[in-house]
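1. Predicted structure and sequence below. I'll ask about it afterward.
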Amino acid sequence: MPASKRTRKQREAHLAEVAQMYLSGTPQYLIAEATEDDDSQITYDLKILVKRWQQSALGDTGAAKGKELAKLDELERTFWDAWARSKQPRERTRTSKSEGEKVLLIALSEKEQRDGNPAFLDGVLKCIDRRCKILGLDAPTEIKLTEERAKELAGRYNLDAGRLMATANEIATRRWDANS
């Protein structure tokens with residue numbers, strides 16, 4: 001059925017069929033044959049699908065970041081609460097009962113001031129560190145390209161190792177100059 005005569009439901013079913021074939025590696029011209037459409041219609045359909053996938057990925061990434069940040073907020077609150085509890089004085093009691101046939105009941109109560117468990121502060125720090133990574137707040141990490149690594153990458157991607165090193169050095173120099 002021509003694309004212009006499809007209902008919305010038929011159009012979505014058609015896009016789902018095109019997506020399934022495309023994602024399983026079917027070439028575009030075979031998709032056109034299987035769906036009895038022109039190549040230009042399949043090109044248009046794929047543009048729509050790619051745009052939807054990109055929007056979905058962006059939305060999902062934002063939602064996933066939000067969800068992870070909310071989890072971190074809750075975890076950090078839990079660590080802070082545990083830290084506060086770990087600093088509160090602890091009351092210890094000791095009791096003694098008997099001595100031979102005599103029954104003696106002695107109860108001692110003492111309060112012990114505590115400094116707090118540093119493991120909880122470590123948990124807070126880890127939450128903060130993870131939040132910074134999710135939000136991209138960490139400073140960039142300096143990466144040095146060694147000749148050995150350049151040769152490995154050049155071989156893998158069919159590049160010239162010398163040119164790769166020169167380009168990496170040029171980029172590093174530009175960044176260094178820009179930051180000076």
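-> Yep, it's here.

2. residue boundaries of the helices in the chain?
-> 8-23, 28-35, 39-87, 118-135, 147-157, 161-179 (DSSP state H).

3. count of residues packed around Gln113?
-> 8 (other C-beta atoms under 10 Å). To be clear about C-beta, it is placed using only N, CA and C from the backbone, and glycine gets the same treatment.

4. and the nearest residue to it once chain neighbours are set aside, how many neighbours does it have?
-> Nearest residue to Gln113 in three dimensions, chain neighbours excluded: Pro89, at 5.3 Å (C-beta to C-beta, 6 or more residues apart in numbering). Close neighbours of Pro89, defined as other C-beta under 10 Å, add up to 10.

5. same question, Gly162
-> Neighbour number of Gly162 under other C-beta under 10 Å is 12.

6. what's the distance between it and Leu153?
-> 12 Å (C-beta to C-beta, to the nearest Å).

7. Check Val18 too.
-> Taking C-beta to C-beta, one finds Val18 at 36 Å from Leu153.

8. More neighbours: which of those two?
-> Between Val18 and Leu153, counting by other C-beta under 10 Å, Val18 is the more crowded of the two (23 against 15).

9. Which neighbouring residues are in contact with the residue nearest to that one when sequence neighbours are not counted, exactly?
-> Of all residues not flanking Val18 in the chain, Asp45 sits nearest, at 4.8 Å (C-beta to C-beta, 6+ apart). Contact analysis of Asp45 by C-beta atoms under 8 Å, 6 or more residues apart in numbering lists 14-15, 18, 37.
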